[in-house]
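>>> Give me the fold of what follows.
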Amino acid sequence: MAQHSAVLDGVFLALADPTRRAVVHRLGRGPASVGDLAGAAPMTLPSFMKHVRVLESNGLIRTRKSGRVRTCELNRERFALVEGWLAEQRRVWADRTDRLERFVTDPEEQ
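Numbers count the residues shown, from 1 in each chain. The predicted model follows:
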């Protein structure tokens, strides 16, 4: 459970930055070279590469190098972890709001 939590923390940390979210959004349409991705970011290539490394180290993207071109693609399995966590949060909050509704509308609950 602690390892799962640490992985989830890393994923959310990686997604906390707007530049990294923009990269993830773009890669949702398909693989792209680092050069193409960096072209849309208002920073130097070395600065942009730090963002790529954060996304890659947290398992959100994979990169592969062919010659001089490094290509990035989404690791969709990692996003399943986030989907699972969000689904659990929805269940928790739905249960809480259902209990609150019963408390407010059922005179015997008061």
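>>> Okay, now the unreliable bits of the protein?
For the chain, the stretches flagged by pLDDT under 70 are 1-3, 98, 107, 109-110.
>>> Mind jotting down where the strands sit in it?
32-33, 61-66, 69-74 (DSSP state E).
>>> helices or strands up against the last one?
Packed against strand 69-74 by the contact rule (3 or more C-beta pairs under 8 Å, 6 or more residues apart in numbering; DSSP states H and E) you find helix 18-27, strand 32-33, helix 34-39, helix 45-57, strand 61-66. Where C-beta positions appear, they are placed from N, C-alpha and C, glycine not excepted.
>>> The last one vs helix 18-27, what angle?
By that I understand strand 61-66. Using axes from the mean of the first three to the mean of the last three C-alpha atoms, to 10 degrees, the inter-axis angle of strand 61-66 relative to helix 18-27 is 70 degrees.
>>> packing partners for strand 61-66?
Partner elements for strand 61-66 (3+ C-beta pairs under 8 Å, 6+ apart): helix 18-27, helix 45-57, strand 69-74.
>>> Name the strands paired with it and say parallel or antiparallel.
When pairs are called by DSSP bridges, strand 61-66 turns out to pair with strand 69-74 (antiparallel).
>>> List the buried residues of the strand it pairs with.
Residues 71-72, 74 are the ones in strand 69-74 that count as buried (16 or more other C-beta atoms under 10 Å).
>>> go on, stretch 101-110?
Buried residues in stretch 101-110 (16+ other C-beta under 10 Å): none.
>>> how far is that stretch from where the chain is centred?
If you compare the mean C-alpha spot of stretch 101-110 with that of the full chain, they lie 39 Å apart, counting by C-alpha atoms, centre = their mean, to the nearest Å.
>>> ok, now which ones touch residue 12?
Each residue near residue 12 by C-beta atoms under 8 Å, 6 or more residues apart in numbering is listed here: residue 82.
>>> switch to numbering from 35
Got it, first residue is 35 now, which makes that one residue 46.
>>> Residue 95 contacts residue 107, correct?
Yes. In this structure residue 95 lies within contact range of residue 107 using C-beta atoms under 8 Å: 6.5 Å.
>>> Perfect, I'm done here.
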